[in-house]
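Participant: Mind looking at a prediction? Sequence and model below.
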Amino acid sequence: MREIITNRFTPQDKNIAVNNRFGNSGIKKQQGSSVLKYDTLPLDGRTTLNFFEGAAARNFPLSNCGSDGNKLGVGNTLVVERIYLTLIQQNIEDTLFGNPNPINFSPDGTLSMGELNFSIANSTVLKNFPTLSLLPNYNYSAGATNDNVYLLDTNIVIPPLLEYIAQLRLPAYNALDYKNLFLRLTIEGSGSLIAPRTTF
Amino acid sequence: MQEFNITNFTPQDKIVGVNNKFGNTGIKNQQGSTVVLYDTLPLDGRNEFRFFEGSSQRNFPFSNTGSDGNKLGVGSSMIIARAYFTIVQFDTELNTWLQVSNVEGIDDALNIAEFGFELANSTILKQYSGLDFTSQFNKTTNHDNQVVLQWDTQLNIPPLLEFVATWRVQQGLAPLENGYLRLTIEGTGAIIAPRTTF
């Protein structure tokens, strides 16, 4: 276990402050929550994976973005505090997804050599982040040998209705080695859900 | 369990404070981010590795410094909060990258080394023992295999100043075929947010 005591400016404070600057002053009245978004893409030989882009077309268990796709709905926000990547396998016979593993369980070192970029409303907020830093051996926030969750140094706020995309760049790899393998990106942290407190 | 107490003076405060002294007062208006830079050099028998020097010549997946090389671009800044070394190796037969390894997993003599960091011709970290980058002698490690070293004093790299990390190893170390040593530095930082249209 690992404990980190940060200063008095909390993720919730940042969430409200960023949204206030966008004129979205109602966020502080919404339901505070833990928000997690994920998207899953096939490792079919492509070397650029645009997570969340077009996520509205992917349903459970590939993505939990729903019809909002790569935007948060009105009154919803997310402070991206942590990220992780997961390798998921689709069973050929029953087409079920299973066998979730960290990226160092992949057939070769390709996934450890990647770079992740994150942009909100066409502005880059996380630039050329190497996936190597997600592996437990090189992940400063790993509390155990199998902990692959990376705690970002600066929390990133995703306000509602702005497009966000996480782009993962990989070196060339043999698609046959990754047959039926999918890569999932998960972003998580504090956030808010809309609480209308009225009747429609 | 490892506990961290962070004072009211945060890494973000240090970035703004150092940059203000350079007259770079706009840093506080840029996009806060987690900045991670890496550079990879061949394990060809050399006894001094100078990471980031000339890194503008190296592209993905050898370095992510881009055309800026060993300088941060305008409006960018970073705090070096942590660093780690990795061995990466390319399989020329399968034409693919092999799984990465800890340095001691390949050659434990590589950690009998000294680490240094130079910023704008000034040494800001001097003759730091390479053993601190192994999990056995790393005060900040959380588990058996973790080799990330968190510094006691966080160093700030302002924009447009040259930085070089040096790793001095013993003479006579055997080269590793298609093997490379990668240094990664990471921490809180800023990337430019022009807030205008071009």
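Facilitator: Yep, it's here.
Participant: Tell me the secondary structure of residue 46, please.
Facilitator: In the absence of a named chain, this looks at chain A. coil (DSSP: H, G, I helix; E, B strand; the rest coil).
Participant: not what I meant, chain B
Facilitator: Relying on three-state DSSP, one would call B:Arg46 coil.
Participant: can you tell if stretch B:137-146 touches chain A?
Facilitator: Yes: under the criterion of CB under 8 Å from any CB of the partner chain, chain A is reached by stretch B:137-146 at B:Thr140, B:Asn142, B:His143, B:Asp144, B:Asn145, B:Gln146. Any C-beta I mention is one placed from the backbone N, CA and C, and that applies to glycine too.
Participant: list the contacts for B:Asn29?
Facilitator: B:Asn29 makes contacts with B:Ala193, B:Arg195, as judged by CB atoms under 8 Å, 6 or more residues apart in numbering or on different chains.
Participant: mind running it again at 10 Å?
Facilitator: Shown in contact with B:Asn29 (CB atoms under 10 Å, 6 or more residues apart in numbering or on different chains): B:Gly75, B:Ala190, B:Ile192, B:Ala193, B:Pro194, B:Arg195.
Participant: Buried ones among the residues of stretch B:137-146 next to chain A?
Facilitator: B:Asn142, B:Asn145, B:Gln146 (16 or more other CB atoms under 10 Å in any protein chain shown).
Participant: low-scoring pLDDT stretches of chain A, where are they?
Facilitator: The model of chain A has pLDDT under 70 over residues A:1-7, A:198-200.
Participant: one step back: pick out whichever of the contacts of B:Asn29 sits closest to chain A.
Facilitator: Nearest to chain A out of those is B:Ala193 (CB to the nearest CB; 6.2 Å).
Participant: burial count for the closest one?
Facilitator: The number of residues packed near B:Ala193 is 16, by other CB atoms under 10 Å in any protein chain shown.
Participant: Tell me who's in contact with the closest residue to it other than its chain neighbours.
Facilitator: Excluding the flanking residues, the one nearest B:Ala193 by CB to CB, 6 or more residues apart in numbering or on different chains is B:Gln31, at 4.0 Å. Shown in contact with B:Gln31 (CB under 10 Å, 6+ apart): A:120, A:123-127, A:154, A:156, B:75-76, B:189-195.
Participant: Look at the residue nearest to A:Gln12 when sequence neighbours are not counted and tell me its secondary structure.
Facilitator: In space, and not counting its chain neighbours, A:Gln12 is closest to A:Ser190: 5.7 Å by CB to CB, 6+ apart. Look at A:Ser190: counting by three-state DSSP, its state is strand.
Participant: Quick one: the helices in chain A, in order.
Facilitator: Secondary structure of chain A (DSSP state H): helices at A:11-21.
Participant: Check chain B too.
Facilitator: Under DSSP H, chain B gives helices at B:11-21, B:103-106.
Participant: Show me what the residue nearest to A:Gln12 is bridged to.
Facilitator: Counting by DSSP bridges, A:Ser190 forms beta bridges with A:Ser34.
Participant: quick one: contacts for the closest residue to A:Ser119 other than its chain neighbours?
Facilitator: Of all residues not flanking A:Ser119 in the chain, A:Ile165 sits nearest, at 5.5 Å (CB to CB, 6+ apart). Residues in contact with A:Ile165 (CB under 10 Å, 6+ apart) are A:39, A:50-55, A:70, A:117-122, A:124.
Participant: Please narrow those residues to those residing in strands.
Facilitator: By the criterion of DSSP state E, membership of the contacts of A:Ile165 in strands covers A:Asp39, A:Asn50, A:Phe51, A:Asn117, A:Phe118, A:Ser119, A:Ile120, A:Thr124.
Participant: Show me which of these are buried.
Facilitator: Buried among the ones in strands among the contacts of A:Ile165 (16+ other CB under 10 Å): A:Asp39, A:Asn50, A:Phe51, A:Asn117, A:Phe118, A:Ile120, A:Thr124.
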